[in-house]
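Participant: model the following, please.
(one chain, ligands or ions: 1)
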Amino acid sequence: MKRLKKLAFAGATMCIGMGLSVAAQAEMIIGFSQIGSESGWRTSETASIKAEAEKRGIDLKFSDAQQKQENQIKAVRSFIAQGVDGILLAPVVETGWDQVLKEAKDAGIPVVLIDRGVAADESLYLTKVASDFVQEGALAASWLAAKTSGVCDLVELQGTVGSSAANDRKAGFQAVIDNFPSMKILRSQSGDFTRSGGKEVMESFLKAENGGKGICAVYAHNDDMALGAVQAIKEAGLEPGKDILIVSIDGVPDIFKAMADGETNASIELNPHLGGPAFDAINASKDGKDVPKWIMANGPLYLPDTAAEEYKKRSGN
Ligand code: AHR
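Facilitator: Purely as a prediction, here's the structure:
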């Protein structure tokens, strides 16, 4: 680390001597350990963070973990060895991060958690830039309770097992429906945040629940699984959005199309533009400024009435 900094200093001195710009030498190097590309939202988030880094002249070292925590831990260790100025970490699951976060802290490298949280002491990272998943779950349940007057037997498509997004969205939803004695989760299983996973699990729910006749609604922890469920419901001969209501989270362009077509009923937007606040936080900490432990990025609930217009805006169609 010290050696790298000395080399950078020597390089900068040489550039000044040669009359070259110092700005290019001062660029920040940031490592970004991304989960993978399981959903449309994740793909947008990756593209947005890469674009923001480019706009700011940041040298972004990107690593795709293919959904594996062990790959993320390796990537973080490699960023530490390279002496980066900061690390963005989108943690696939909540637990098992203490050791590697301590290694980054000991190396003096600030870590920003991007979009998901960890179950580790908050002194081990600089900040978390993320929405409140508990609140998203609560919002989905409140909408469904209002829509069904508190009478609904539903199924739940959970996100990746052990992720903060799945844990908190489940907890927030459950806390609200606990107030409605006639709302019950009949079945709940992980579809791993993928469209194919959502379809497969929904097919099994439909089979297990008499072809879907007793299912009032689907609560999907993300839009991709909801879109998979739409397919499964259609193939079972039912009308998604009418025979079975669907509420989900993310606000990807395809869900607005589905809502405009009457096939899903509500989606809570998850902001994918998290790079700006994350890079600002690293800069602020380098300048010795205080950074809050949670930089919140919550989104609103969208309904079919504005879906066609939103789809147009977001897809450029
Ligand atoms: O962590 C956020 C979740 O991860 C998104 O809702 C989902 O689409 C994703 O892959």
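Participant: residues from the stretch 201-317 of the chain in reach of the ligand?
Facilitator: 222, 224, 249-250, 270 (C-beta under 6 Å from any ligand atom). Placement of C-beta: from N, CA and C, glycine included.
Participant: could you rerun that using 5 Å?
Facilitator: 222, 250 (C-beta under 5 Å from any ligand atom).
Participant: show me the shaky parts of the stretch 201-317 of the chain.
Facilitator: 317 (pLDDT under 70).
Participant: which stretches in it count as helices?
Facilitator: 223-235, 253-260, 275-286, 307-315 (DSSP state H, counting those that start in this stretch).
Participant: for residue 105, grab phi and psi.
Facilitator: Dihedral angles of residue 105 (phi, psi; degrees, to the nearest 10) stand at phi -60, psi -40.
Participant: what segments of the stretch 51-200 of the chain are helices?
Facilitator: 69-82, 98-106, 133-147, 164-177, 195-208.
Participant: same list, those helices, but as JSON lines with distance to residue 260 please.
Facilitator: Formatted as JSON lines, the helices of the stretch 51-200 of the chain follow (distance: least, C-beta to C-beta, whole Å):
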{"stretch": "helix 69-82", "distance to residue 260": "37"}
{"stretch": "helix 98-106", "distance to residue 260": "43"}
{"stretch": "helix 133-147", "distance to residue 260": "18"}
{"stretch": "helix 164-177", "distance to residue 260": "24"}
{"stretch": "helix 195-208", "distance to residue 260": "18"}
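Participant: just put those helices in TSV and tack on mean neighbour count.
Facilitator: Converted to TSV, the helices of the stretch 51-200 of the chain look like this (neighbours: other C-beta atoms under 10 Å):
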stretch	mean neighbour count
helix 69-82	18
helix 98-106	16
helix 133-147	21
helix 164-177	21
helix 195-208	20
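Participant: mind listing what whichever residue of the stretch 201-317 of the chain sits closest to the ligand touches?
Facilitator: Nearest residue of the stretch 201-317 of the chain to the ligand: residue 222, at 3.6 Å (C-beta to the nearest ligand atom). Neighbouring residues of residue 222 by C-beta atoms under 8 Å, 6 or more residues apart in numbering: 39, 41, 159, 165, 193, 248-250.
Participant: what of residue 250?
Facilitator: Listed by C-beta under 8 Å, 6+ apart, the contact partners of residue 250 are 39-41, 222-224, 267-270.
Participant: neighbour-wise, which of those leads?
Facilitator: Within those, neighbour counts (other C-beta atoms under 10 Å) peak at residue 222, which reaches 33 neighbours.
Participant: what's the spacing between it and residue 295?
Facilitator: Residue 222 is 21 Å from residue 295, where distance means C-beta to C-beta, to the nearest Å.
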